[in-house]
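# this one's sequence-less:
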């Protein structure tokens, strides 16, 4: 949703804040180059972009201005991506200096600038941006900005030329750095790229979106494109929080609690990690070179909403565990014989399911790991359904992946299902599966399949495998409960034994429902196409039927057409009984069984609803 | 769960880490007083406590040592609680100095110490701790530590005496502060309390638990007691992150990313907000006075698990929205006449339900607010179920609470249900309800009640109120569908009209099921006690029945006893029909309707399961 509703409370708030701060007129426009003095001192633009990609803006949020030092956050991230941590740290430190942005703070022996936010450090950083396969560094940098802002940025040529003509101090810094070996490229090249970098034109909306990328683990929340690989985001935010506002940052972190970067063009970009990016534009600066109203906006947003980088959600298990239940409460969709079904109801707590949701970090993963170990202590199988888990960091993937080996060692089964979307975790799982030599057929993507397998395994253990063969099967069908031998013979006589090859479509939606099938051997899948039912694309499996179950019997009740398809999953043997061939007495008896069976299923479903809802 | 399982992955990790770092022998034990030199330089204890209250520890985690400067984090929080922000800020600043812990860094004009972590600042802070109603400050401080550590702490008298006898610099500082008016209590008193504060005996486990309190919004995760009011936690963490490790903290935040506080007794307390507290004890210190192995532990935990205060969960709507559905997919448990039920199935998308889970912060609340506004744009009613929402911060309470007024203005209904446990939000809601003059009966605690009210309101609007009166009612009962006039008369003749006063128990669990009731007027509630069903304590409402519905008819199928209770909710008029009085033909017809009705309900429940699961 890219357009805010007119009555969104956040939009209303920003409009009120804008109106209030419009009256603040402290500070002076930057004047070290004449181009900057052309700014309208009354300009005030505020924008906020959330990690959900919602964009709010007010006032002069679309007014372009030169990005200046705010670009240092982007170039630093890019240098880390291009060169790696050690290479960058060897050229630039990470300590705040408390001095002005144009200070020359170099370590006495190495000449290393103290941090990437002062000019010396920024020049060193810009000197690290790589030539990628013939792409010159300027294009490389512009491409990075494009990922952050979702659009091509242009350079204010007048400002660039002015910076270049008057930037002697910066040239001096570049030469000093070159002399110390901090720059390995020619100083003129680097400082020229640096001048262009500072002269890029942005808006407050751009800054908010850039901040939102950093708030969102490096991913642009509007476009979904990776602006900065997630490994580097916390590095950039750390620098911004300690060195971004040209003081020691104690007060900034204490009062505002949002990593931020300011620029003498009048912009401020602030980040509330995990929540939003905030962009402000107001050309009047304080004596440190920070936008006066920009700082006020950050302070007000932090105060009015009680926001702070240390006010985070508690990663307790309660926030990631969506639901837990066992097979007795919510069995698989496989329909089984009465005997099996009743046994599972009684012993079902030996198979458990845990559904996770949201995001897993170390803290919550530790909790989940403990729950898993606890469950494996007294259940035979645990299925962890990750369908609603959005993300899992490396620590969590490791913690959970290692559990599979522990489960095997203790003789229990542990399945992780519905996790196609969690790539790092899948790699962990694969390693675990290979290491423990888990057979292929023991890896399930769907929770229901895993549940079904566990049920069958347990039933086998209990000496209650699916019934097979022709004789006993009819008696164990619910539909013929209470039938004596003569009545069963009458049913057999009314019908005919049919054999179906695997994948045969036995019953098709829309056909007249004129007979029932009693399964003697094999399995069938009952399914529909998704237009009728919600669910994944294509074919939705409603249930699987095995021996000692019937299908198609609802046709006894009325003249309706078939409402689902039935396909043979394996070679099948069925008794097909046309309704027309049954006499009234048999039908009446079946009807009573039908109704009782549905009442029982309703009762069970109601219980299931209690557990699931 | 206070005891970690032997095979917990976190416990295993800490044990391996402990074994690795045992070999590190850099650093020197503190020796400025002889008592500290008695420490065994090989001691190494590591402990970790999560916000779920799980405790892990290894090595010398139970070895007591003096807390020294780590106590400054606790006393600062206490001073904030006692005196408020402005009073504390007027006496102590918040800027790091980069100097040693015993530096005297005072602002030239005011004499204000630069931050509460250097001795001068800590002394000023300790001087702010209040005498509460005759409780002397030492007891007040000990009580605070008790809330953090879950136990009474004792003071190492030998260390205290030594500190007191040799602490001339600290006395000098206290006098300087008194001269500047930073202390308003006698310097000797304050510095004596300060010496005792530093001499408190703690263990690594205590430090981990203290850290976990700060990670958990100020609440001790093991005891559930509030150690520090949540308003102050981010202030303490801010100071720890910028001033806690006796340097400019740039490198600490960049590399480790956990607010931390060290002490010359050899302890370090680190916090990963929202996740855990970490405590380390190892007496050998580096030249800045920080425990060498303590720093290594923090660096390793951060690196090995990819942990950092800026690696937070993204507060997207997907992590807080558990489920969304509408009345057509999942109607209320009120059973209605066929006509009403079918109409609701068709038009049910005009009543929506949104279930939230986890924790709501500004970012996710903004998303939810947009969803609410969007839903109110095209639905008549929205019910937001907060049953599984653990917590909501002030910003979120404000954002959501304000939506009620907007809903009213747009002519829609907005309900927040199941939120008894969210106190600040309830206050917002109450204000909103009063301001908008919402009548009492429009405030629902249970989602199902709100849903039921919305359905009834919609049905009324559509000209389909509950059927009333005696004549038409039988025809509209599903059980008598397809009955001609003669058959309906036969049913009426077989039964007797009964009138029930409100609260009459009409059907009781366990009684023989020998008749059915067709409701002609009034409402009945079907309920059970919780031993049979999961749910809240006491009585669980299964469904509410109105006119044109039946109950007790399942007894037609078998000789079972009643499985639920039925109580009249209002004055009722029912047709009570004993099964014995019905002839076989009528029974057979009813049976077919019964089975078809159950099949239909099953189908609907299956659809419901698809949406709910």
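Ah, there it is. Model, not experiment: these values are computed from the prediction.
# which parts of the stretch 151-300 of chain A sit against chain B?
With Cβ under 8 Å from any Cβ of the partner chain as the criterion, the stretch 151-300 of chain A meets chain B at residues A:215-217, A:233-235, A:237-239, A:241-243, A:247-251, A:253-254, A:257, A:259, A:272-276. In short, each C-beta sits where N, CA and C put it, glycine included.
# what's around residue A:217, how many residues?
When counting by other Cβ atoms under 10 Å in any protein chain shown, one arrives at 25 neighbours for residue A:217.
# Report the contact partners of the residue nearest to it when sequence neighbours are not counted.
Among residues not flanking residue A:217 along the chain, residue A:230 sits closest, at 4.7 Å (Cβ to Cβ, 6 or more residues apart in numbering or on different chains). With contact set as Cβ atoms under 8 Å, 6 or more residues apart in numbering or on different chains, residue A:230 has these partners: A:217-219.
# For these, give me CSV that also has secondary structure, pLDDT and distance to residue A:128.
Formatted as CSV, those follow (DSSP: H, G, I helix; E, B strand; the rest coil; pLDDT from 0 to 100; distance: Cβ to Cβ, whole Å):
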residue, secondary structure, pLDDT, distance to residue A:128
A:217, coil, 94, 23
A:218, coil, 96, 19
A:219, strand, 95, 24
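# quick revisit: write the ChimeraX selection for whichever of the residues of the stretch 151-300 of chain A next to chain B are buried.
Only the buried entries of these go into this ChimeraX selection, using 16 or more other Cβ atoms under 10 Å in any protein chain shown:
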select /A:215,216,217,233,234,235,237,238,239,241,242,243,247,248,249,250,251,253,254,257,259,272,273,274,275,276
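# What residues sit buried inside the helix or strand harbouring residue A:293?
For residue A:293, the host element (DSSP states H and E) is helix A:292-304. Across helix A:292-304, burial judged by 16+ other Cβ under 10 Å covers A:292-298, A:300-302.
# Could you single out the nearest of the residues you listed to chain B?
residue A:301 (9.1 Å; Cβ to the nearest Cβ).
# what separates that closest one from residue A:33, distance-wise?
Distance, residue A:301 to residue A:33, by Cβ to Cβ, to the nearest Å: 31 Å.
# Give me the helices and strands touching the helix holding residue A:293, please.
helix A:9-21, strand A:260-262, strand A:267-272, strand A:276-281, strand A:284-285 (3 or more Cβ pairs under 8 Å, 6 or more residues apart in numbering or on different chains; DSSP states H and E).
# May I see the buried residues of the longest one?
In terms of neighbour count (16+ other Cβ under 10 Å), helix A:9-21 has its buried residues at A:9-14, A:17-18, A:21.
# now, which of those sits nearest residue B:558?
Nearest to residue B:558 out of the buried residues of helix A:9-21 is residue A:9 (Cβ to Cβ; 57.2 Å).
# The closest one and chain B, how far apart?
Residue A:9 is 5 Å from chain B, where distance means Cβ to the nearest Cβ, to the nearest Å.
# Under the pLDDT cut-off, which ranges of chain A? List them.
Across chain A, the ranges flagged by pLDDT under 70 are A:1-7, A:98-103, A:247-248, A:436-441, A:466-473, A:530-538, A:604-613.
# Could you list the domains of it?
Recorded structural domains for chain A (assignment: automatic domain parsing) are A:9-305, A:317-461, A:478-612.
# Can you tell me the number of residues neighbouring the closest residue to residue A:294 other than its chain neighbours?
Spatially, and ignoring its direct neighbours in sequence, residue A:294 is nearest to residue A:268 (3.6 Å; Cβ to Cβ, 6+ apart). Neighbours of residue A:268 under the rule other Cβ under 10 Å: 27.
# Residue A:46 too?
27.
# quick one: secondary structure of it?
Following DSSP: H, G, I helix; E, B strand; the rest coil, residue A:46 is assigned to strand.
# pretty sure it is touching residue A:18, no?
Yes: counting by Cβ atoms under 8 Å, residue A:46 does reach residue A:18; the two are 5.6 Å apart.
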